[in-house]
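S.K.: Sharing a sequence plus its predicted fold:
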Amino acid sequence: MKVLVTGATGFIGQALTRKLLERGESVVVLVRDEEKFAALGLDVDSVVRGDITDLAAVERATRGVSIVYAIAGTFREPGLSDERYRKVNVESVRTMHEAAKRNGVKRIVHCSTCGIHGSIDGTPADETHPVRPVGIYEQTKADGERLALELGAENGIEVTALRPTPVYGPGDTRLLKLFKLASRRPIVMIGDGTPGYHLVYIEDLTDAFILAGTSPAANGEAFLIGGPEIPSLNDILHTLASMNGHGDVGNVIRIPAKPVWLAGWLCEAMCRPLGVDPPLHRRRVEFFMNNRAYNIEKAKTVLGYSPKVGIEDGLRRTAEWYRVQGLL
């Protein structure tokens, strides 16, 4: 059985490609930068050069393929237009399904995000929690997921959508700022640190993708995919401080979040009409404000998903990689 991975040069895509190869799968990848992929040293069956918005390239990539792992998309990038987000995160879904239908693809595993639920109120949210995206990234990911499931039903293609929580592990640097924050003395933090920050380790997430590609019960369903624990931001800072040899976090200087958020709003309102990147974004402040706590029981029950890497173990592995890379 031949499988296709899009976005195979990204953090999730390359980890999934590596795991599929370890399982003995016949893997095709669709990438924009062949040299970047070649540097990864992954011996795939075929490399197709092209963009996920290019129907001709997607058609070439899906020939003879049974399962597509649709990982590629546009994450948050400064200066990117709303039109580009929509083209990559929504319209490319239509392109993929058109090519998949022509080439007889059996299943598409669509990578969505937990961010489509917005900030969570109260208890951990499951898949029935309201979809209320805030930014253009989350809005287009919500639209893309909905379109993928709709087109799957229309075209007779099995579709499963995964909504990963924030992903971390060796090879990714999105948590680096948090690691550095925990090493400072005193720690200066926005907000009270109580919101949940439900992470998923990269190896657990790739396991979930493979389960979603093979489980008969996954067709037409969406699943939240997170780790085995739901720590708060304070919990993570305490764990990181201990790893850094600092013991407890000690004195934390806390800045009320709402005034900083309002300052971010003002910066954006003043800078964007001038074409200037604001020095303070509301999104950066919302990182410390939004609750990201999720219930992953559906994935456990339906997919047989069983995350194995706890937060302390995962953070330690990530910290070791940062140190080897000279980042910490």
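M.R.: In hand now; what should we look at? Quick caveat, the model's predicted, so the values are computed rather than measured. Numbers count the residues shown, from 1 in each chain.
S.K.: Determine which residue of this protein is most distant from the centre point.
M.R.: Residue distances from the centre of the chain (Cα atoms, centre = their mean) peak at N251, which lies 32.5 Å from the mean C-alpha position.
S.K.: Run the chain-centre distance for the helix or strand encompassing L16.
M.R.: Element membership for L16 (DSSP states H and E) is helix 11-22. Chain-centre distance of helix 11-22: 14 Å, with Cα atoms, centre = their mean, to the nearest Å.
S.K.: What lies in contact with it?
M.R.: 3, 5-8, 27, 29, 40, 42-44, 69, 71-72, 111, 164, 167, 169, 171-172, 202-203, 205-207, 209-210 (Cβ atoms under 8 Å, 6 or more residues apart in numbering). Placement of C-beta: from N, CA and C, glycine included.
S.K.: So in that sheet, which strands flank the helix or strand that it is followed by, and in what orientation?
M.R.: Per DSSP H and E, the first helix or strand lying C-terminal to helix 11-22 is strand 26-31. Next to strand 26-31 in the sheet, as set by DSSP bridges, lie strand 2-6 (parallel), strand 46-49 (parallel).
S.K.: So which of the contacts of helix 11-22 are in strands?
M.R.: Among the contacts of helix 11-22, the residues falling in strands (DSSP state E) are 3, 5-6, 27, 29, 69, 111, 164, 167.
S.K.: show me where the chain has helices.
M.R.: Applying DSSP state H to the chain gives helices spanning 11-22, 34-38, 55-62, 82-86, 92-103, 136-155, 176-183, 202-214, 233-243, 257-271, 282-289, 297-298, 311-324.
S.K.: any chance of these in a markdown table, plus mean pLDDT and distance to H129?
M.R.: A markdown table is the format used below for those (pLDDT from 0 to 100; distance: least, Cβ to Cβ, whole Å):
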| stretch | mean pLDDT | distance to H129 |
| --- | --- | --- |
| helix 11-22 | 97 | 23 |
| helix 34-38 | 93 | 36 |
| helix 55-62 | 96 | 32 |
| helix 82-86 | 88 | 23 |
| helix 92-103 | 96 | 22 |
| helix 136-155 | 95 | 12 |
| helix 176-183 | 87 | 25 |
| helix 202-214 | 97 | 19 |
| helix 233-243 | 88 | 20 |
| helix 257-271 | 88 | 22 |
| helix 282-289 | 84 | 18 |
| helix 297-298 | 98 | 12 |
| helix 311-324 | 94 | 22 |
